[in-house]
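A.B. asks: Fold the following for me, if possible:
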Amino acid sequence: MVRTVLQTKLVHSIVTALVVLGVATGVLYSRAAAAQDDNGHILIADQFNNRVIEVDRKTHQVVWHFGNGSDLPGPHSVVGVNDAERFGPLTLISGTGTPPGGLPGCSDPVNGCPDNRVFIVDPNGNILWQYGQAGVGGSGPNQLNTPVQALFTIGFPHHLGAHVLIADQANERIILVGLNHHIDWQYGTTGVAGNGPNQLNNPNSGEVLENGHILIADESNNRVIEVTVGGNIVKTFTAGGSVSGAAFASRLPNGDTLISDSNNNRIVEVNGNDQVVWQYFTNTQAGSNPSPAPTRAVRLHNGDTLISDQFNNRVIEVNHAGQIVFQQGELNVMGDGFNQLNGPYDAKQIGDFTGLTPPFDIF
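C.D. replies: Residues are numbered from 1 along each chain as shown. Have a look, this model is predicted:
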């Protein structure tokens, strides 16, 4: 792609910003072209093991990780991680925290184990930038409450430059935060759950589309909405009213929308008229958890779909025919040993932003 003068200046600004944060300029563009490599490494938010891992899909070996397993948030730990994204040499991590109720990876079943941070780490695991305060939930300046997803972008409409878009779930909002920690855009009324104008109910993800709109998985409203930067809903997707627990959504290159329909244990693709054109259920295999609640599905460059099959404790890649062609983790077996996961919430192939918001793209 040939860059315009404006694009070049914007890319330079983000490089400069990252250099200020401590990232060498030359390293920024050492990205593997994994979008063209069907054997690219997989980055996994291994939720209840309190870690983010990069695995070699050929050997199933962990080749990089962040998180020492502690259920206390700190400079070397992340608690109940729900999302991770690799951009350049850096990794953006959502420290969601673990709610009360006795879930794995948390030693306090009564109060839970909060984290409430979104942060960027370098390859050595040093935190270079952070929004939110460790273990503190709130909606004030530099505060989050259960951030479940985040992405890095320099191409947000009308707010160009380095930003992080955050699904701030318990605050019922999607927010755009600059590296200066200022909220530059928001959809959803802070602290108000609803389905009216500028209202969300347990938002679980946000993606910036090529048309400049924002695609939001409005989980507890059982819908995916496409909103303008001005806050107008232009499309709603529910797979004909059948979606229950919209955990994630992305816009595919063919114009369809891919939805993680968590409570129905399926991944569903709908066209522009909200008609189902493809679906995959993750609870049909012998030995499966009856309710694995898959949380994240992304379409890969090769046309397969990478699925975070949460309570089956695995990440799977399925082809269009529904055949599993790759699996990390043992079916319905939790663990932290070789080829084991515990409640993986998110998985992405490094460098492959098919259907996702590319970090360095300018619309």
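A.B. asks: tell me the contacts of S260?
C.D. replies: Listed by Cβ atoms under 8 Å, 6 or more residues apart in numbering, the contact partners of S260 are 217, 246-249, 267, 294-297, 307. C-betas here are computed from N, CA, C, even on glycine.
A.B. asks: Is it bridged to anything, and to what?
C.D. replies: Here S260 sits in beta bridges with F248, I267, as judged by DSSP bridges.
A.B. asks: Make sure E172 is actually in contact with G191.
C.D. replies: Yes. With contact defined as Cβ atoms under 8 Å, E172 reaches G191; the gap is 6.2 Å.
A.B. asks: Between those two, tell me which one has more neighbours.
C.D. replies: Neighbours per residue, other Cβ atoms under 10 Å: of E172 and G191, the larger number sits with E172, 23 against 11.
A.B. asks: after the helix or strand bottoming out on mean pLDDT in the chain comes which helix or strand?
C.D. replies: Within the chain, no helix or strand scores below helix 25-28, which has a mean of 41 by mean pLDDT, DSSP states H and E. Heading C-terminal from helix 25-28, the first helix or strand you meet, by DSSP states H and E, is strand 42-46.
A.B. asks: quick one: strands adjacent to that next one?
C.D. replies: Strands that pair with strand 42-46, judged by DSSP bridges, come out as strand 51-55 (antiparallel), strand 344-349 (antiparallel).
A.B. asks: which one of those strands is the most hemmed in?
C.D. replies: Among the strands paired with strand 42-46, strand 344-349 has the highest mean neighbour count (mean count of other Cβ atoms under 10 Å), at a mean of 27.
A.B. asks: and it, how far out from the chain's middle?
C.D. replies: Average the C-alpha atoms of strand 344-349, do the same for its chain, and the two points are 8 Å apart (Cα atoms, centre = their mean, to the nearest Å).
A.B. asks: cool, and stretch 247-259?
C.D. replies: Here the centre of mass of C-alpha atoms in stretch 247-259, compared against the chain's by Cα atoms, centre = their mean, lies 14 Å away.
A.B. asks: List the buried residues of that stretch.
C.D. replies: Neighbour-count burial for stretch 247-259, with 16 or more other Cβ atoms under 10 Å as criterion, is recorded at 247-252, 256-259.
A.B. asks: Stretch 302-316 too?
C.D. replies: Buried residues in stretch 302-316, defined by neighbour count with 16+ other Cβ under 10 Å: 304-316.
A.B. asks: sorry, back to before: any chance of the contacts of S260 in CSV, with distance to H163 too?
C.D. replies: Below are the contacts of S260 laid out as CSV (distance: Cβ to Cβ, whole Å):
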residue, distance to H163
A217, 19
A246, 24
A247, 23
F248, 20
A249, 20
I267, 28
P294, 28
T295, 24
R296, 22
A297, 25
I307, 28
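A.B. asks: Adding distance to L92 and pLDDT, write those out as JSON lines.
C.D. replies: As requested, the contacts of S260 are exported to JSON lines (distance: Cβ to Cβ, whole Å; pLDDT from 0 to 100):
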{"residue": "A217", "distance to L92": "18", "pLDDT": "99"}
{"residue": "A246", "distance to L92": "22", "pLDDT": "98"}
{"residue": "A247", "distance to L92": "19", "pLDDT": "98"}
{"residue": "F248", "distance to L92": "16", "pLDDT": "98"}
{"residue": "A249", "distance to L92": "19", "pLDDT": "98"}
{"residue": "I267", "distance to L92": "23", "pLDDT": "99"}
{"residue": "P294", "distance to L92": "22", "pLDDT": "98"}
{"residue": "T295", "distance to L92": "17", "pLDDT": "98"}
{"residue": "R296", "distance to L92": "15", "pLDDT": "98"}
{"residue": "A297", "distance to L92": "19", "pLDDT": "98"}
{"residue": "I307", "distance to L92": "21", "pLDDT": "99"}
